[in-house]
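> quick one, what's the 3D model for this:
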Amino acid sequence: MAEAGKKLPDIAMGTPDGDTVKPSDYTGQKLVLFFYPRDNTPGCTTEAKDFSALKTEFEKAGTALLGISKDSARKHQNFIAKHDLTVDLATDAEEGGLSDDLGIWAEKQMYGKTYMGMVRTTLLVGPDGTIAQIWPKVKVKGHAAEVLEAAKAL
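Purely as a prediction, here's the structure:
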């Protein structure tokens, strides 16, 4: 389970270009991981665009950004191209991925149906790989700016 003060698990994920990325690739800098349910849906698109718009400010604060869902590399490529996203995206493993390990891939309910899905969650990770702050069940409006302020303060 994701918990502030704990080390972030170092689990590899796929990138849109077919490589892999792990949290340890960002050692020495702050890292924002924003977990979102699905590419090209209204809330997820707004969130990714908001983080993209603030990417330069995050970089000035010594903070990298990584958006994570279980969508395929191809879907991520289309999502990036369609919305001119500048944030990096990663594909979490279908089973046993980082979101599973952190308890972010969880049982959800909509219209009386129960299913497994990504709970929109953001983590701010310190340069040493320790989780500094967690935003569970994120409301998108104003969220990227709030995370930026926390990153600046870390």
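> contacts and neighbour counts: CA atoms only from here.
Noted.
> can you give me the helices for the protein?
For the chain, helices defined by DSSP state H occupy the ranges 42-53, 55-60, 73-83, 98-102, 143-153.
> CSV please, covering those helices and showing distance to Gly129.
Shown next, in CSV, are the helices of the chain (distance: least, Cα to Cα, whole Å):
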stretch, distance to Gly129
helix 42-53, 21
helix 55-60, 17
helix 73-83, 25
helix 98-102, 14
helix 143-153, 14
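> nearest to Ala4, out of the ones you listed?
Comparing those by their distance to Ala4 (Cα to Cα), the top pick is helix 98-102, with 11.3 Å.
> now that closest one - C-alpha only, CSV.
Extracted C-alpha coordinates of helix 98-102, given in CSV (Å, rounded to 0.1, in the frame of the first residue of the first chain):
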residue,chain,number,x,y,z
LEU,A,98,3.3,-0.8,-9.5
SER,A,99,-0.3,0.3,-9.1
ASP,A,100,-1.2,-3.2,-7.8
ASP,A,101,1.7,-3.1,-5.3
LEU,A,102,0.6,0.3,-4.1
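> in that helix, what counts as buried?
Neighbour counts over helix 98-102 (16 or more other Cα atoms under 10 Å) mark 98-100 as buried.
> okay if I get the residues you listed as CSV plus distance to Gln29?
What follows is the buried residues of helix 98-102, written out as CSV (distance: Cα to Cα, whole Å):
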residue, distance to Gln29
Leu98, 19
Ser99, 21
Asp100, 24
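> out of the helices of the chain, nearest to Thr122?
Per Cα to Cα, nearest to Thr122 of the helices of the chain: helix 143-153, 8.3 Å.
> elements contacting the closest one?
Contact here means 3 or more Cα pairs under 8 Å, 6 or more residues apart in numbering; DSSP states H and E; on that basis helix 143-153 packs against helix 42-53, helix 55-60.
> please identify the most buried of the ones you listed.
Highest mean neighbour count among those (mean count of other Cα atoms under 10 Å): helix 42-53, with a mean of 19.
> one step back: which among the helices and strands packed on helix 143-153 is found nearest to Val140?
That would be helix 42-53 among those, by Cα to Cα, at 5.8 Å.
> which other residues reach stretch 5-20?
Contact partners of stretch 5-20, identified using Cα atoms under 8 Å, 6 or more residues apart in numbering, comprise 2, 21-24, 72-74, 76-77, 89-93, 97-98, 101, 125, 129-132.
> nearest residue to the residue nearest in space to the middle of the chain in space, please, no chain neighbours.
The structure's the chain has its C-alpha centroid closest to Phe34; by Cα atoms, centre = their mean the separation is 2.1 Å. In space, and not counting its chain neighbours, Phe34 is closest to Thr122: 4.3 Å by Cα to Cα, 6 or more residues apart in numbering.
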